[in-house]
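>>> What shape does this take:
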Amino acid sequence: MAKVIMVQGTMSGAGKSFLVAGLCRLMKRAGYRVAPFKSQNMALNSFITTEGLEMGRAQVMQAEAAGISPLVCMNPILLKPTDHTGSQVIVNGKVLGNMSAREYFAYKRKLIPDIKRAFQELEELADIIVIEGAGSPAEINLRENDIVNMGLAEIVDAPVLLAGDIDRGGVFAQLLGTLLLLTEDERKRVKGLIINKFRGDKSLLDSGIEILEEKGGIPVTGVVPYMDIDLEDEDSLTDRFEKKKKGKVDIAVIRYPRISNFTDFNVFEQIPDVYVCYITSAKELGCPDLIFLPGSKNTIGDLKWMRQNGLENALKELVGKVPICGICGGYQMMGKQISDPEGLEAEGTIKGMELLPIMTELKGEKVRRQVQGTLNQMEGVFSVLSGLEYDGYEIHMGESIGECQEQPFIIGSTKNVYGTYIHGIFDKAAIASALVGVLAKNKGISIETEDCMDYRDYKDKQYDRLADILSEHLNMEEIYGILREANIE
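Presented below is the predicted three-dimensional model:
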């Protein structure tokens, strides 16, 4: 059986995902077969495995850090919010249905057999499994039927590392308060504390750490500095949306309320002098060099949102002046119409933006597949991409029919309007650098793209940087000792 260790946090955003990824990379370096696991993830950024199954991108990121292919057994339950009180529930990579928060709370214990089977499948592939919790284990109103924090730790008999975020302040209260709210049996599972995101002179913490260890009765296994690491974070907590800079080349991404898979644009952020801004209003839009309409978990609702706040009109005014590209839900919005006969989002038919020659019908069965090939002959700015090789994945509820349906990109009748269902289509360096290069050239400037890497290679270097930092600031000998014990007393 695989050895198991779990990282829980005092709150959402405590850094659990990065700590799990870093531990996976460190243990891989040490020669172990290591894999990540999270029983339940809530995210709109998802991924399609080679088997055509859907999982959260956080576990994909951690699998990449571990040097293995993402498998749906690493994330057996994925919740994709559809509104403020409900989510699409995905189990073992397939849609189970939509549930309100109350319905899911009452139902979720029925999914424990699925969690156990997924974990057992992963045990056959790994020497060590590093588990990520969700939110905080001290959410006492959610303790009943918990399947993702201490409830999961009990199911798989996992020791726990508890991480607190000092950057937000009050880290000692976070850690001690969390321990106080745990039951006695739950506290016994916590074998180490981590102070995360520290800025400054660590010696100033020493007296506080002594008191923390004395009052908590648990050793501090590391003080991890605030890290400038560019990895895919949880979509609900990302700070990418707050960046409002200007560069030599400006790329605008429309940030609807239910934006999904905005990881499609991370590749551009590694190129110097390229800035990706997430836009929520016509006033913010201005006249960028390229506009993306990204994926959406509620295509009709987000199209109505753009229509109501003036973004649709602002976008249409830029047609012919600025290249506009829709991906997945954004692609559907740019068509002639979207119909929803089954009432999956909003029963009925809505007029699209009429920028692309397609019509979309939403259907209950989700398209899930990885794809690769050669880009079709393009026009306008995207003509520099013609004939380049790509790979990516499709994940959408709906079928679009229209001209050149079989092509990776659909081209509008108006110059520089494009659409595609393929996520990750810009991830190859040749595609990203070619597109940025022509955008700069059209402005009469030059921009350095020689150092642009395939997004996969770029992320791999970030995982190494993450592991280097953790190896210096975590007591790995103590953590391996916790693993060797492997049972809770």
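
>>> top helix in the chain by residue count?
Secondary structure of the chain per DSSP state H: the longest helix is helix 455-473.

>>> State the mean pLDDT of it.
Averaged over helix 455-473, pLDDT sits at 96.

>>> With just CA atoms, put the helix or strand following that helix into CSV.
Note on helix 455-473: by DSSP states H and E, the next helix or strand toward the C-terminus is helix 476-485. The C-alpha trace of helix 476-485 is given here as CSV (Å, rounded to 0.1, in the frame of the first residue of the first chain):
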residue,chain,number,x,y,z
MET,A,476,11.7,17.2,4.8
GLU,A,477,13.4,14.7,7.2
GLU,A,478,10.6,15.3,9.6
ILE,A,479,8.0,15.0,6.8
TYR,A,480,9.5,11.7,5.6
GLY,A,481,9.4,10.6,9.3
ILE,A,482,5.7,11.3,9.4
LEU,A,483,5.3,9.2,6.2
ARG,A,484,7.3,6.3,7.7
GLU,A,485,5.0,6.2,10.7
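
>>> From the chain's centroid, how far away is helix 476-485?
29 Å (Cα atoms, centre = their mean, to the nearest Å).

>>> What helices and strands are in contact with that helix?
strand 3-9, strand 190-198 (3 or more Cβ pairs under 8 Å, 6 or more residues apart in numbering; DSSP states H and E). Just so you know, the C-beta spots here come from the backbone N, C-alpha and C atoms, and that holds for glycine as well.

>>> Can you give me the neighbour number for residue 326?
29 (other Cβ atoms under 10 Å).

>>> Any idea what it is bridged to?
Note on residue 326: beta-bridge partners residue 293, residue 419, judged by DSSP bridges.

>>> Now do the contacts for it.
292, 293, 332, 333, 334, 355, 356, 418, 419, 420 (Cβ atoms under 8 Å, 6 or more residues apart in numbering).

>>> Out of those, flag the one nearest to residue 449.
Set against residue 449, the nearest of those by Cβ to Cβ is residue 292 (18.4 Å).

>>> correct me, but the closest one touches residue 256?
No. If you go by Cβ atoms under 8 Å, residue 292 and residue 256 don't touch, sitting 11.6 Å apart.

>>> who's more crowded, the two?
Counted by other Cβ under 10 Å, residue 292 and residue 256 do not tie: residue 256 has more neighbours, with 28 against 25.

>>> separation between that one and residue 442?
From residue 256 over to residue 442 the distance is 27 Å, taken as Cβ to Cβ, to the nearest Å.

>>> now the strands: where do they sit in the stretch 201-350 of the chain?
Assignment of strands within the stretch 201-350 of the chain using DSSP state E, counting those that start in this stretch yields the ranges 220-225, 249-254, 259-260, 274-279, 290-293, 295-296, 324-327, 337-340, 348-351.

>>> Turn the contacts of residue 326 into TSV, including pLDDT.
Formatted as TSV, these follow (pLDDT from 0 to 100):
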residue	pLDDT
292	98
293	98
332	96
333	97
334	97
355	96
356	95
418	96
419	95
420	95
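
>>> top of those by neighbour count?
Busiest of those [other Cβ under 10 Å] is residue 332, holding 32 neighbours.

>>> Does residue 155 touch residue 111 like I think?
No. Here residue 155 does not reach residue 111: they are 11.5 Å apart, not a contact under Cβ under 8 Å.

>>> Overlap of the contact sets of the two?
residue 147.

>>> Those two: who's more crowded?
Taking other Cβ under 10 Å, residue 155 and residue 111 do not tie; residue 111 has more neighbours (20 against 15).

>>> Show me what the closest residue to the more buried one other than its chain neighbours is bridged to.
The spatially closest residue to residue 111, leaving aside those adjacent along the chain, is residue 77, at 5.9 Å (Cβ to Cβ, 6 or more residues apart in numbering). Beta bridges link residue 77 to residue 40, residue 91 when assigned by DSSP bridges.

>>> Test my guess that residue 77 contacts residue 93.
No. Contact criterion Cβ under 8 Å: residue 77 and residue 93 do not qualify, at 10.1 Å.

>>> more neighbours, those two?
For the pair residue 77 and residue 93, the greater number of neighbours falls to residue 77 (24 against 20), based on other Cβ under 10 Å.

>>> And the pLDDT for that one?
On the pLDDT scale, residue 77 gets 98.

>>> what do you get for residue 446?
89.

>>> Can you get me a residue count around it?
By the criterion of other Cβ under 10 Å, residue 446 has 11 neighbours.

>>> Where does it fall, secondary structure wise?
Remark: residue 446 resides in no helix or strand, with elements defined by DSSP H and E.

>>> one step back: now do the longest helix of the chain and helix 476-485, the angle between them.
With axes from the mean of the first three to the mean of the last three Cα atoms, to 10 degrees applied, the angle from helix 455-473 to helix 476-485 works out at 100 degrees.

>>> which helices and strands sit right next to helix 455-473?
Packing partners of helix 455-473 (3+ Cβ pairs under 8 Å, 6+ apart): helix 16-29, helix 57-66, strand 220-225, helix 266-269, helix 429-442.

>>> Output the below-cut-off pLDDT ranges for the stretch 201-350 of the chain.
Per-residue confidence for the stretch 201-350 of the chain (pLDDT under 70) gives these ranges: 234-237, 243-245.

>>> Go again with 80.
Along the stretch 201-350 of the chain, the model assigns pLDDT under 80 to residues 233-246, 347.

>>> List the residues that contact the closest residue to residue 427 other than its chain neighbours.
Nearest residue to residue 427, sequence neighbours excluded (Cβ to Cβ, 6+ apart): residue 455, at 4.0 Å. For residue 455, the contacting residues are 266, 267, 270, 424, 427, 428, 429, 432, by Cβ under 8 Å, 6+ apart.

>>> want to throw these into TSV with neighbour count?
Output for the contacts of residue 455, formatted as TSV (neighbours: other Cβ atoms under 10 Å):
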residue	neighbour count
266	19
267	28
270	18
424	23
427	21
428	22
429	21
432	24
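
>>> contacting residues around the nearest residue to residue 63 once chain neighbours are set aside?
Of all residues not flanking residue 63 in the chain, residue 70 sits nearest, at 4.3 Å (Cβ to Cβ, 6+ apart). By Cβ under 8 Å, 6+ apart, residue 70 lies in contact with 47, 49, 55, 59, 60, 63, 64.

>>> same question, residue 331
By Cβ under 8 Å, 6+ apart, residue 331 lies in contact with 293, 356, 358, 400, 410, 419, 420, 421.

>>> So which of these is the closest to residue 127?
The closest of these to residue 127 turns out to be residue 421 (Cβ to Cβ; 38.3 Å).

>>> From residue 400, how far off is that closest one?
7 Å.

>>> And those two? Which one has more around it.
Neighbours were counted for residue 421 and for residue 400 using other Cβ under 10 Å; residue 421 has more, 25 against 19.

>>> Show the contacting residues for that one.
Here residue 421 is in contact with 327, 328, 331, 367, 394, 396, 400 (criterion: Cβ under 8 Å, 6+ apart).

>>> Residue 409 too?
For residue 409, the contacting residues are 375, 376, 378, 382, 385, 418, 419, 420, by Cβ under 8 Å, 6+ apart.

>>> Equivalent analysis for residue 138, please.
10, 177, 178, 181, 182.

>>> go on, residue 37?
Residues counted as contacts of residue 37 (Cβ under 8 Å, 6+ apart) are 59, 73, 74, 75, 118, 119, 122, 129, 130, 131, 132.

>>> and stretch 259-267, how far apart are its ends?
Using Cα to Cα, to the nearest Å, the end-to-end distance of stretch 259-267 comes to 17 Å.
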